[in-house]
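Colleague: Requesting a structural model of the entry that follows:
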Amino acid sequence: LLMQDAWRTRSWWDKLRIWFMPTGWRPKDVVERYPVEKIEDVYHFDKYDSQPAGFMRGWVWFQFLTTLILMLFLFFRFAEIGFPGLFLYGGFLFLGVYGYSSLMDRERIAPWIELVRGLIGFGYVLYVGDWFTMNALWPFGSYLIASYFLLTAIVPLALSYSTKWMKEPLPE
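Modeller: Numbers count the residues shown, from 1 in each chain. The predicted structure is shown next:
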């Protein structure tokens, strides 16, 4: 919102000072043209609740725990993975968190993010033959990771088009 307000205001002075004003301050012209709903009573307001249904909730927990395990593996093999590999690995982790968070929010792009991440991850394991030095610790670890990426590519697509696993379908 801060960056949007800086872009939208007509005053060059407001474009500069918005970055140094107290939290919540907005330029007057932006407030008039782009009103934002504020929470007046913090004790009585509708809290965010995506309410994922059974399988969706389980899938997101699976993704969360898998991401945690992959992150711990990253920390454990930090030196062996190397500097450029850390960025690539971090990108996979970021896309994973963004993907399953978007899926919980029922964003239309979520299954496609997961599909792309899954296919790129699967392709990486096939091309390199390893998942960032995992074979040095566990010879069949890359097969497990490749299977995970295939599953990650398929399940969100099924979830996004099925109302059985969600309380309501993804918005159109």
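Colleague: unless I'm mixing things up, Q63 is touching T152, no?
Modeller: Yes - Q63 is within contact range of T152, at 7.4 Å (criterion: CB atoms under 8 Å). C-beta here means a position set from N, CA and C on the backbone, and glycine is covered the same way.
Colleague: Need the residues touching each of those two.
Modeller: G96, G99 (CB atoms under 8 Å, 6 or more residues apart in numbering).
Colleague: what about the residue nearest the centre of the chain, distance to I145?
Modeller: The residue lying closest to the centre of the chain (CA atoms, centre = their mean) is Y98, at 0.6 Å. Using CB to CB, to the nearest Å, we find Y98 at a distance of 19 Å from I145.
Colleague: And for F132?
Modeller: Counting by CB to CB, the gap from F132 to I145 is 9 Å.
Colleague: Then L88?
Modeller: For L88, the distance to I145 - CB to CB - is 14 Å.
Colleague: cool, L72 as well?
Modeller: For L72 relative to I145 (CB to CB), the value is 14 Å.
Colleague: Return the residues in contact with G141.
Modeller: Applying CB under 8 Å, 6+ apart, the residues near G141 are W131, M134, N135.
Colleague: Using the three-state scheme, assign the first one.
Modeller: Taking DSSP: H, G, I helix; E, B strand; the rest coil as the rule, one finds W131 in the coil state.
Colleague: Figure out how far stretch 127-139 is from the centre of its chain.
Modeller: Put simply, stretch 127-139 sits 25 Å off its chain's centre (CA atoms, centre = their mean, to the nearest Å).
Colleague: Quick one: end-to-end distance for it.
Modeller: Stretch 127-139 has its terminal residues 16 Å apart, counting by CA to CA, to the nearest Å.
Colleague: what mean pLDDT would you report for that stretch?
Modeller: The average pLDDT within stretch 127-139 is 93.
Colleague: ok, now stretch 97-114?
Modeller: The model assigns stretch 97-114 a mean pLDDT of 88.
Colleague: Give me the distance between the two termini of that stretch.
Modeller: 10 Å.
Colleague: ok, and for that stretch, which residues are buried?
Modeller: The neighbour-count check on stretch 97-114 (16 or more other CB atoms under 10 Å) flags 98-104, 106-107, 110-111, 113-114 as buried.
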